[in-house]
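K.L.:
got a sequence here, can you model it:
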Amino acid sequence: MPLKIILRIVLAGLMLYGCTLNEPVIPSWSTEFTIHLPSKTIEMTEIIDDSLFFADTVSGLPVIRFEISDTAETQKITTEDLTFDDQTSDYTFNLESVLIDKSGTLETAPVSIGQILPPGVDPNAAILPPFPGSVVNLPPLDIEFDHFSEVEIDSGQLYLTIRNEMFLKIDPNLSIDVFDDAANVLLGTVLFTDSIAAHSMVRSQPLNMQNKVFRNQLRLETTLPLAGTADTTHFTASKRDDYFSIVVELTECEVARVVGQVPAQSFTSSDVFEFDAGGHKITSARLESGELNLQMVSTMNIGGRARITIDELFKNQAPMVVLADLLPGQTTINQIDLKNTTITNPAGVGFVEALHYMVEVEIDSSDGFVEITSSDQVEVQLTTANLIFGSFSGELSQVDLDFDPQEVSDVDVWNEVDGQFRLDDLEMEFVFQNQVDFPVHFDLKIEGFKGGASVVVNLTDQLLQAASVNPETKIILNGQSSTPSIVDLLALLPERIVITGAARISGAGNVNLGDEIGVSYRIYSPLTLQINENLTFDSGPDTLTNDDLDEELRQSIKDDLKNGSIRFRLDNHLPLGVSGRIYISRDKDDLYSTVITDSSRKMIISLELDPAATDAQGYATGSTENWVSVDFDEDYRALFSEVPLYIRPEFEIAATGQTIRLRQNDAIDISGILNFKIRVNHDEN
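P.N.:
Residues are numbered from 1 along each chain as shown. Reported below is the predicted structural model:
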């Protein structure tokens, strides 16, 4: 048999004998589980008995009508009404981050090729024999920054560039340990995973210097995998001059602390002066007199300037700007005259409820080394003093119009009633004559007495604009305006009724000194629903038990939950919007707190439900479909891996002060699903 054929047979046998088949590995996958949460319906019959409501029911009992009227004295706006207390706002402006310039290009002393050649290779020979690759530990290399002596980095990067000026290649995985030389602390290691060609330069990936504290001298300890040669090498004079060095570059850094040369830089921050206008809400106001005192204290070891712009204060039709010098460690005080200064919202709409100001600090370039830290601060104190408004537009709320008490004690009609009655259409009418372009707010107390019992009705409302619309404005309040209501009071069959109260100018408009306003009112009997306080209601918690989340599923959630979601559908059959929350907790006692101390054991989902459409009378004619969905990840394993698990929806109807109509079968329907995505491994059941 020819030799070639014999060799082929032998090789084929070796190949067959040397091959093995690995058992296939089935990858893991994910599967989903869906849990339907308990559905429920919360009807208005569950909350209609709440004491905050007055239901519009018809009892069929007799209706009794009567009238009480009075006129208050005319009141004027005086300078005392437009004088406001002195106020102070303190703000501490921390620098938070300080910049230092980048280092520029710094290069270590060169390491000659004679120091790098492996042992056994004579650096003085004219011809170098072939030699294998080897790992060489170079002598430590130092680099010194000249623009700081100490630094603590908030953010910044260090780059190392290898300058391989050798005829030899450098194999992969050259590593350089970077030390703070003085403290002998390792700051990080830079690794070059690719080979570096002869006579080339390669820049490293950045070394993150965040939270690194070091002095200005770094020590670089290099482990160099030197490539070998396959042939002899003529070691010429030019090759004897070959060398290795490292170029170091520290980028521009944000530092928490530095002792060094600090470049000129600026910092900007803002704050809000919660301006209390004595209960008034200002749209635009002119100051007759007053001062703004500015005090600034700098803790920096470097000087600079501050520019404070106050958005809502206008001088000569431009936002007010205050300039102040900042001296190292000293206090600067400025006093600004506010006469004829205007307070207004720069957007031209809305109330001025606060003064928004921006602080711009510029620090000078340091003359030599200084210490500066991100905790250095500028303390800003703004104080308003002796403010008197000559006029303003907005809402006025502090000019009171006192009513003389009105008492009705001879109400013989009560003696003619045997049994119960309801004054089902009682109304209260106010008539205002205004010289100012303002509405009027009033507080009214009506108290009925019979023996030792009494019923108190407190009513508050807001009127429309006056002078710009009509010098005489009427507003009517009825039985739905409060709980208890006028109807409840008359159901007491009172022996006497006392009416006391006060009206005050308030709402949106304009006012000037000397303006007058007069008011008269009457109560007479000519009912639906009003919410006087925010109403919070629910129907108690639901519980997920082992029947809903069995032990096997809970164990899978605990061990292999990947992610999941919870989704609720809420159908609102009410003629008004509803907000609320859904509480999900392992602890039943923790279902009534908005505080989450452990997010792995509790979840709170916020809700906003749109109102249903209404007919001309205000009754709901349908419902709105509202969805809310929350995704969660494996951090919520603990919440869903134990039972019982409690779910409590809570709803809130805001106090609107408006009359609404509800049917007893108006309701909120709730349903939901809980979805889990679980990792499944082939070797698990």
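K.L.:
doesn't Ala198 belong to a strand?
P.N.:
No - read with DSSP: H, G, I helix; E, B strand; the rest coil, Ala198 is coil and lies in no strand.
K.L.:
spatially nearest residue to Asp194 (excluding sequence neighbours)?
P.N.:
Pro172 (5.7 Å; CB to CB, 6 or more residues apart in numbering). Where C-beta positions appear, they are placed from N, C-alpha and C, glycine not excepted.
K.L.:
let me see the contact set for that neighbour.
P.N.:
192-195, 225 (CB atoms under 8 Å, 6 or more residues apart in numbering).
K.L.:
return the member of those residues nearest to Gln335.
P.N.:
Phe192 (62.9 Å; CB to CB).
K.L.:
give the closest residue to Leu207 in space, chain neighbours not counted.
P.N.:
Leu158 is the one closest to Leu207 (CB to CB, 6+ apart), at 4.3 Å.
K.L.:
please verify my assumption that the one you found contacts Val178.
P.N.:
Yes - contact criterion CB atoms under 8 Å: Leu158 and Val178 qualify, at 6.9 Å.
K.L.:
overlap of the contact sets of those two?
P.N.:
What both Leu158 and Val178 touch, as defined by CB under 8 Å, 6+ apart, is the set 187-188, 207.
K.L.:
could you export those as CSV, including secondary structure, pLDDT and neighbour count?
P.N.:
As requested, the shared contacts of Leu158 and Val178 are exported to CSV (DSSP: H, G, I helix; E, B strand; the rest coil; pLDDT from 0 to 100; neighbours: other CB atoms under 10 Å):
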residue, secondary structure, pLDDT, neighbour count
Leu187, strand, 96, 18
Gly188, strand, 96, 13
Leu207, strand, 95, 19
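K.L.:
now, which of those sits nearest Asp85?
P.N.:
Leu187 (56.0 Å).
K.L.:
now the strands for the stretch 251-400 of the chain?
P.N.:
253-260, 265-273, 281-298, 304-315, 318-326, 331-337, 342-344, 355-363, 370-373, 377-395, 399-402 (DSSP state E, counting those that start in this stretch).
K.L.:
the shortest one pairs with which strands, parallel or anti?
P.N.:
Right, strand 342-344. Partners of strand 342-344 in the sheet, by DSSP bridges, are strand 281-298 (antiparallel), strand 304-315 (antiparallel).
K.L.:
and those strands as JSON lines, adding mean neighbour count and mean pLDDT?
P.N.:
Formatted as JSON lines, the strands paired with strand 342-344 follow (neighbours: other CB atoms under 10 Å; pLDDT from 0 to 100):
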{"stretch": "strand 281-298", "mean neighbour count": "19", "mean pLDDT": "82"}
{"stretch": "strand 304-315", "mean neighbour count": "19", "mean pLDDT": "84"}
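K.L.:
which one of these lies nearest to Val121?
P.N.:
Val121 lies closest, by CB to CB, to one member of those: strand 304-315, at 60.4 Å.
K.L.:
residues in contact with that closest one: which ones?
P.N.:
Residues contacting strand 304-315 (CB under 8 Å, 6+ apart): 273, 275, 292, 294, 296, 298, 319-326, 332, 338, 340-346, 352, 354-364, 378, 380.
K.L.:
please apply the same query to stretch 30-41.
P.N.:
539, 542, 544, 548-549, 553, 556, 562, 566, 568, 647, 649, 667-680.
K.L.:
at 6 Å what do you get?
P.N.:
By CB atoms under 6 Å, 6 or more residues apart in numbering, the residues outside stretch 30-41 that reach it are 542, 548, 562, 667, 669-680.
K.L.:
tell me the one of the residues you listed nearest Leu117?
P.N.:
For these, the nearest to Leu117 is Arg679 (54.6 Å; CB to CB).
K.L.:
quick one: which of the contacts of stretch 30-41 has the most company?
P.N.:
Using other CB atoms under 10 Å as the neighbour criterion, Phe676 leads the contacts of stretch 30-41 with 24 neighbours.
K.L.:
list the contacts of it.
P.N.:
Contacts were defined as CB under 6 Å, 6+ apart; by that measure Phe676 touches 33, 557, 564.
K.L.:
including pLDDT and neighbour count, could those residues go into CSV?
P.N.:
Formatted as CSV, the contacts of Phe676 follow (pLDDT from 0 to 100; neighbours: other CB atoms under 10 Å):
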residue, pLDDT, neighbour count
Phe33, 79, 14
Ile557, 83, 23
Gly564, 87, 23
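K.L.:
in helices, which of those appear?
P.N.:
Among these, the members found in helices (DSSP state H) are Ile557.
K.L.:
between the contacts of Phe676, which sits nearest Val98?
P.N.:
So of these, ranked by how close each gets to Val98 (CB to CB), first place is Gly564, at 44.5 Å.
K.L.:
verify the assumption that Leu639 is located in a helix.
P.N.:
Yes - judged by three-state DSSP, Leu639 forms part of a helix.
K.L.:
contacts only, for it.
P.N.:
By CB under 6 Å, 6+ apart, the contact list for Leu639 reads 600-601.
K.L.:
Arg567 versus that one, what's the distance?
P.N.:
Using CB to CB, to the nearest Å, Leu639 is found at 16 Å from Arg567.
K.L.:
over to Asp590?
P.N.:
From Asp590 to Arg567 the distance is 23 Å (CB to CB).
K.L.:
restrict the contacts of strand 304-315 to the buried ones and give me that as a PyMOL selection.
P.N.:
Here is the PyMOL selection string for the buried members of the contacts of strand 304-315, based on 16 or more other CB atoms under 10 Å:
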select buried, resi 273+275+292+294+296+298+320+322+324+326+338+341+342+343+344+345+352+355+356+357+359+361+363+378+380
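K.L.:
what's the burial count for the closest residue to Val135 other than its chain neighbours?
P.N.:
The shortest distance from Val135 to any non-neighbouring residue, by CB to CB, 6+ apart, is to Pro225 (5.2 Å). Using other CB under 10 Å, Pro225 has 18 other residues around it.
K.L.:
residue numbering should commence at 51 henceforth.
P.N.:
Sounds good: first residue 51 from here, last item Pro275.
K.L.:
from Leu657, how far out is Pro275?
P.N.:
63 Å.
K.L.:
could you name the helices and strands sitting against the host helix or strand of Lys495?
P.N.:
Using DSSP states H and E, Lys495 sits in strand 490-500. The contact analysis (3 or more CB pairs under 6 Å, 6 or more residues apart in numbering; DSSP states H and E) places strand 490-500 against strand 503-512, strand 546-555.
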